[in-house]
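J.: Structure for the following, please:
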Amino acid sequence: MDNKIPENQNQQGAYFVPYTAPPKKEYTPLSKKENSFIFIILFGLFIFVDFSLFHGFSLGFTISYAIIFAISTAFIYRKDAQNKIFAIICGVLSLILSIANSLFNNEFLKPISILVILFLYAVYCLGISSGLSKITGSYKMLLDLFMKTIAAPFENLENVFGSIKAGAKSNKKGLSILLGVLISIPVLAVVIPLLVSSDAAFEGLISSIFENIGIYLVELLIAAVLLPFFYSYLFARKRNEKPENKNTKSQAKSFPSALCASFLSAISITYLVYLFSQLAYFFSAFKGILPEGYTHSASAFARRGFYEMFAICVINLAVVSLVSVFSERKNKKLPVFIKVLSVFISMFSVLLLVVAMQKMRLNIQTYGLSVNRILVSAFMLMIGVVIAFFILHIFAPKVKYMQPIIIICSVIFIALTFSDIDRIAADYNINAYTSGKLETLDVEAIAWMSDSAVPSLVELTKNEDEKIADKAKKELANVTFYRVDLTENIQKLSLKENDTDFRSYNRARRNANKAVIEYFNSLSDNEKRAFIEA
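T.: Predicted coordinates:
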């Protein structure tokens, strides 16, 4: 009797399925264009690191971003892409906004502007490469943008390296190019010193390069680290690859309409009670609602509740948006009562925005203008735009609202950035104090604004009010040491600019330095010594 156990059966009689290795994934080799752009993109990243990261995101950022923008366009642009007009508008807006970095240097606006530029750049890249899906009119566009911008570079790294490896097996041309460069090194080691000896200009250039060789190597290393991720992003856009969706089932869960309605109703009733309480300001029969001893004044009205109202508007916008997204639908439509409650809360938010803007107007008239007040006013305007389109979306769901929101809010932000808010705030407060509209002038606040306010501070040193002029001189002396180098000689005191590199150029900083230098050079020697010692 044959007691031999079958190959696919163990001693306990259980059968098992023989292991079969998964099929090996095949990669498409990089094309000539894709190969060449590896080095072009590395060059662009090196310029970006050197011009932007190492030189303060000023004129260098404007130049390097334009270079990255041009390289990206040349690499991923598709003639048959949809939604190109919207994408091109976003791209143009990002280029315009990048120019602001070479003109102004508000420490709060600059990082926000860079984030806005990156957002518009991502929309541009998706649009010109057919990466924007058909849902460009709703909030889903933002989710799609996030997945293809953040997830895609990491998930497609395997595809990039696989394609490079596949191409390396059959491409001997790249190896020949590398070998040719290596062979040229001994020849260049002889030729370069001879050229240095023959020409002073070339000698200066080579000397400058070798003096900064350590910095350049660090910059090249940073660019090399960024290259795989940035190239992977553009590579995904070039081949229009999407991040893998491992769970094909929809993960979004809808909530019962009754739950959403009761949630919105509770909030709406609270807002109705708030509106009822406002009658105390207009009718004597409701005066008992006000706290005991309350005295109405413009300053009290301006100080209280502004930021709270602004926060409520943001919360309301988030609430009605989430309910609209997750509420249960009937025949793909929101129930009427949820629409009504959403519109009421949205209109209440509009009312709060109007009241908040009125508070801000009185606040400025009473206490003067500040950078924060300008910024918050602009953000309120943006929220008003979002609420207006959301209300339109409730009544007309098919209307694409995301594209106009992005464009309008970007234009508002660009206008805010180019308006030179520090100079506006400083000049307004000085003129308001001079004309008697403001009782006091905060000179220290003007001094701590960005470079744009320095010329105004210099003018303030000539103010007829000696106390204000003395404060301005003292504050100007304090901030001068952050902007210029002071040098003292036995015969003469002089002031000069401390940075002439075009990559670090910023118009506001240059104007500030010029104003301080002209003021300093107009002083007598004793006044110069007093200025330095202040």
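
J.: and the residue nearest the centre of the chain, what does it touch?
T.: Note on the chain: the residue nearest the mean C-alpha position is residue 115, at 1.6 Å, using C-alpha atoms, centre = their mean. For residue 115, no residue meets the contact criterion (C-beta atoms under 8 Å, 6 or more residues apart in numbering). The way it works is simple: take the backbone N, C-alpha and C, and place the C-beta from them, glycine included.

J.: Can you list the low-confidence ranges for the stretch 51-200 of the chain?
T.: Low-confidence segments of the stretch 51-200 of the chain (pLDDT under 70): 133-138, 164-182, 184-185.

J.: 90 - rerun?
T.: Along the stretch 51-200 of the chain, segments meeting pLDDT under 90 span 53-57, 78-86, 105, 107-108, 126-127, 129-200.

J.: Mind giving me the packing neighbours of the longest helix along the chain?
T.: Longest helix of the chain, by residue count under DSSP state H: helix 336-367. Other helices and strands packing on helix 336-367, by 3 or more C-beta pairs under 8 Å, 6 or more residues apart in numbering; DSSP states H and E, are helix 257-277, helix 298-303, helix 306-326, helix 371-395.

J.: thinking again about what came up before, could you say which helix or strand holds the residue nearest to the centre of the chain?
T.: If you go by DSSP states H and E, residue 115 is part of helix 109-128.

J.: CA-only coordinates of that helix in CSV, if you can.
T.: Only the C-alpha atoms of helix 109-128 are listed here, as CSV (Å, rounded to 0.1, in the frame of the first residue of the first chain):
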residue,chain,number,x,y,z
LEU,A,109,1.6,88.7,5.2
LYS,A,110,4.7,87.2,3.6
PRO,A,111,4.4,83.6,4.9
ILE,A,112,0.6,83.6,4.2
SER,A,113,1.3,84.9,0.6
ILE,A,114,3.8,82.1,0.1
LEU,A,115,1.1,79.5,1.1
VAL,A,116,-1.4,81.2,-1.2
ILE,A,117,1.2,81.1,-4.1
LEU,A,118,1.8,77.3,-3.5
PHE,A,119,-2.0,76.7,-3.5
LEU,A,120,-2.5,78.6,-6.7
TYR,A,121,0.5,76.9,-8.2
ALA,A,122,-1.0,73.5,-7.3
VAL,A,123,-4.3,74.4,-9.0
TYR,A,124,-2.4,75.6,-12.0
CYS,A,125,-0.4,72.4,-12.4
LEU,A,126,-3.5,70.2,-12.0
GLY,A,127,-5.4,72.3,-14.5
ILE,A,128,-2.8,72.4,-17.3
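
J.: angle of it against helix 371-395?
T.: Calculated by axes from the mean of the first three to the mean of the last three C-alpha atoms, to 10 degrees, helix 109-128 forms an angle of 30 degrees with helix 371-395.

J.: residue contacts, the residue nearest to residue 271 when sequence neighbours are not counted?
T.: Nearest non-adjacent residue to residue 271, counting by C-beta to C-beta, 6 or more residues apart in numbering: residue 348, 4.8 Å away. The contact partners of residue 348, by C-beta under 8 Å, 6+ apart, come to 268, 271, 275, 316.

J.: before we move on, the earlier item: right, so of the helices and strands packed on helix 336-367, which gets closest to residue 47?
T.: Among the helices and strands packed on helix 336-367, the nearest to residue 47 by C-beta to C-beta is helix 371-395 (31.6 Å).

J.: Quick check: next helix or strand after the closest one?
T.: Assigned by DSSP H and E, the successor of helix 371-395 is helix 402-418.

J.: for that following helix, which positions count as buried?
T.: 402, 403, 404, 405, 406, 408, 409, 410, 413, 414, 416, 417 (16 or more other C-beta atoms under 10 Å).

J.: Then stretch 39-46?
T.: 41, 42, 44, 45, 46.

J.: Ramachandran coordinates for the closest residue to the third one other than its chain neighbours?
T.: Of all residues not flanking residue 44 in the chain, residue 71 sits nearest, at 4.6 Å (C-beta to C-beta, 6+ apart). The phi/psi pair for residue 71 (degrees, to the nearest 10) reads phi -60, psi -40.

J.: Surely residue 267 touches residue 318?
T.: No. Proximity of residue 267 to residue 318 does not meet the contact threshold set by C-beta atoms under 8 Å, at 11.8 Å.

J.: more crowded one of these two?
T.: Remark: of residue 267 and residue 318, residue 267 carries more neighbours, 18 against 10, as counted by other C-beta atoms under 10 Å.

J.: And the pLDDT at that one?
T.: We have a pLDDT of 90 for residue 267.

J.: Quick check: nearest residue in space to it, chain neighbours excluded?
T.: residue 345 (6.3 Å).

J.: List the contacts of stretch 324-340.
T.: So stretch 324-340 is contacted by 139, 252-257, 260-261, 264, 323, 342, 390, 393-395, 397 (C-beta under 8 Å, 6+ apart).

J.: Got a ChimeraX select line for the buried ones in those?
T.: Only the buried entries of the contacts of stretch 324-340 go into this ChimeraX selection, using 16+ other C-beta under 10 Å:
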select :139,257,260,261,264,323,342,390,393,394
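
J.: Could you check how far the residue nearest to residue 44 is from residue 39?
T.: Going from residue 71 to residue 39 by C-beta to C-beta, to the nearest Å gives 11 Å.

J.: what are the ranges of the strands in the stretch 401-534 of the chain?
T.: Along the stretch 401-534 of the chain, counting by DSSP state E, counting those that start in this stretch, strands occupy 484-488, 493-497.

J.: What residues of the helix holding residue 115 count as buried?
T.: For helix 109-128, a neighbour-count test (16+ other C-beta under 10 Å) marks 109-110, 113-114, 116-117, 119-128 as buried.

J.: what's the helix or strand following that helix packed up against?
T.: As assigned by DSSP H and E, the chain's next helix or strand after helix 109-128 is helix 140-146. Contacts defined by 3+ C-beta pairs under 8 Å, 6+ apart place helix 140-146 against helix 109-128.

J.: List the residues that contact residue 102.
T.: 58, 59, 61, 62, 505, 506, 507.

J.: swap that for residue 192, please
T.: So residue 192 contacts residue 206 (C-beta under 8 Å, 6+ apart).

J.: Is it in a helix, a strand, or coil?
T.: helix (DSSP: H, G, I helix; E, B strand; the rest coil).

J.: How about residue 56?
T.: coil.

J.: Could you find the closest non-adjacent residue to it?
T.: Leaving aside its chain neighbours, residue 56 sits nearest to residue 504 (5.4 Å; criterion: C-beta to C-beta, 6+ apart).

J.: Would you mind measuring from the one you found to residue 58?
T.: Computed with C-beta to C-beta, the distance linking residue 504 and residue 58 is 5 Å.

J.: Out of these two, name the residue with the larger neighbour count.
T.: Shown here are residue 504 and residue 58; by other C-beta under 10 Å, residue 58 has more neighbours (26 against 17).

J.: all helices of the stretch 151-300 of the chain, in order?
T.: With DSSP state H, counting those that start in this stretch as the criterion, the stretch 151-300 of the chain has helices at 152-155, 157-170, 173-198, 200-211, 213-238, 257-277, 298-303.

J.: Where does pLDDT dip in the stretch 401-534 of the chain?
T.: In the predicted model of the stretch 401-534 of the chain, residues 401-402, 434-440, 442, 447-448, 450-451, 462-466, 470, 473-506, 509-534 satisfy pLDDT under 90.

J.: what's the burial count for residue 200?
T.: Residue 200 - counted by other C-beta under 10 Å - has 9 other residues nearby.

J.: And for residue 385?
T.: 16.

J.: Also residue 158?
T.: Number of residues near residue 158 (other C-beta under 10 Å) recorded here: 12.

J.: Then residue 64?
T.: By other C-beta under 10 Å, neighbour count at residue 64 equals 24.

J.: ok, which pair from the buried residues of stretch 39-46 is furthest apart?
T.: 41 and 46 (9.7 Å).

J.: For residue 523, give its distance to residue 421.
T.: According to C-beta to C-beta, residue 523 and residue 421 sit 30 Å apart.

J.: Please consider this matter closed, and thank you.
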